[in-house]
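**Student:** 3D, please:
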Amino acid sequence: MTITFSYLVTTFFTSHLSAELGLSDNSIASYSDCMKLLIDYVCKRFTIQPETIDLSTITSELVLDFLHSLETKRGNAPATRNQRLAAIKTFFHFIARHVPELMQTNERIQAIKLKRTEHLPPPSLTAEEVDAILTTPDQQTLIGARDAALLQLLYNTGARVQELADISMSDLHVGSAPSVTVTGKGRKTRAIPLWQETVDAISRYVDFRKQEGIESEHLFINAKGDPLTRFGIGRRVVLHATTAANHCPSLQGRSITPHTFRHTTALHLIEANNDIGVVKDWLGHEDIKTASQYLEVSIERKRKAIEKLPPPDGGLPPESPQWRQPAILKFLNRCSRQARYVA
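**Tutor:** Now for the predicted structure:
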């Protein structure tokens, strides 16, 4: 059997990513986007059709040219470029297992370095900003009650937007110890405790659904009765954040997304003195290093807060370190020290 490029692409998606790695649909869709861009680039460069692509065509040099085109022609940021490169590396690592003669090509592609990206703290909200957004929906209507429950659950759980969209009625447990079960990356599930405010918001929304005769296994549904997608959730978050900005000036001009709530939940858990391991499990992170970034943000916020407090010496500015003092002050200090020894 001749192993073709088309065969490897198909097997990569149907067997490797899904069955072997157990990636989520969203992760697989991200890989698909990358492969479509790469195939389109190869076809245009060599004026060929996808089914005629030869494996030897894709070299490390071509991959570098492709990555360069992503940045220069598509305007991709270095982080997006790195994400595409990671997908290509995974694909060629898979290829090397099936086509040993391409192992050297794989090694060269694996050697392509990621670009440095600017390390920025994850965007988050203050408690006041969260409250401003949570109180925006009109809970006297079905849609308002739904959005109030959605925002409250988003902040309570810190769930990824797709995790939130996938929650079903059977995932809710509102007994003596209320919680919700979410399914994350790799189809791994985790149970997250719910505040009573969250339970009340969900119960209010569910009561509205019953009054409207709505029956759906999905928790969050749109006006047509279909499951609310992650894009729909994103639009609702933007809508209420924009509305809240009218009476919360610090929200004006900011881009608030469902992931902003995820960062906010993590940061607020850290600032409430929860163990970093608890935060890791709460958010469903694989590596504790990912959760550790919120420790840095928490320390920075505390530093900025203490800078706003008056110094403890009666409000006078602290004495400048000796090495920072102007020459005239150094001279006067020497004079002062000499004076102490005058009889």
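
**Student:** can you map out the helices along the chain?
**Tutor:** In the chain, helices defined by DSSP state H lie at 5-11, 25-46, 60-72, 78-98, 103-110, 127-134, 142-157, 161-165, 196-211, 230-244, 258-271, 276-283, 288-307, 327-340, listed in chain order.

**Student:** end to end, how far does stretch 209-221 reach?
**Tutor:** Distance between the two ends of stretch 209-221: 10 Å, counting by C-alpha to C-alpha, to the nearest Å.

**Student:** thinking again about what came up before, in CSV, list the helices of the chain along with mean neighbour count and distance to Ser18.
**Tutor:** Where C-beta positions appear, they are placed from N, C-alpha and C, glycine not excepted. Formatted as CSV, the helices of the chain follow (neighbours: other C-beta atoms under 10 Å; distance: least, C-beta to C-beta, whole Å):
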stretch, mean neighbour count, distance to Ser18
helix 5-11, 15, 11
helix 25-46, 15, 6
helix 60-72, 16, 24
helix 78-98, 18, 12
helix 103-110, 16, 21
helix 127-134, 18, 36
helix 142-157, 23, 26
helix 161-165, 22, 16
helix 196-211, 17, 32
helix 230-244, 17, 19
helix 258-271, 22, 25
helix 276-283, 17, 24
helix 288-307, 13, 24
helix 327-340, 10, 70
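
**Student:** Show me the one of those that comes nearest Ala177.
**Tutor:** In terms of C-beta to C-beta, the element of these nearest to Ala177 is helix 196-211, at 10.8 Å.

**Student:** Quick one: distance of that closest one to the chain centre.
**Tutor:** With C-alpha atoms, centre = their mean, to the nearest Å as the basis, helix 196-211 stands 28 Å off its chain's centre.

**Student:** now do stretch 251-264
**Tutor:** With C-alpha atoms, centre = their mean, you get 11 Å for stretch 251-264.

**Student:** now what about it, what contacts it?
**Tutor:** Under the contact criterion C-beta atoms under 8 Å, 6 or more residues apart in numbering, stretch 251-264 has outside partners 122-125, 129-130, 132-133, 151, 154-155, 158-161, 164, 230, 233-234, 237-238, 241, 244-245, 283, 294.

**Student:** Using CSV, list the CA coordinates for that stretch.
**Tutor:** The C-alpha trace of stretch 251-264 is given here as CSV (Å, rounded to 0.1, in the frame of the first residue of the first chain):
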residue,chain,number,x,y,z
LEU,A,251,-14.8,48.5,32.3
GLN,A,252,-15.0,51.1,29.5
GLY,A,253,-12.9,50.3,26.4
ARG,A,254,-11.9,46.9,27.7
SER,A,255,-12.4,43.6,25.9
ILE,A,256,-14.2,41.2,28.3
THR,A,257,-14.6,37.6,27.2
PRO,A,258,-15.6,34.4,28.9
HIS,A,259,-11.9,33.6,29.4
THR,A,260,-11.5,36.9,31.3
PHE,A,261,-14.0,35.4,33.8
ARG,A,262,-11.8,32.2,34.0
HIS,A,263,-8.7,34.3,34.8
THR,A,264,-10.7,36.3,37.3
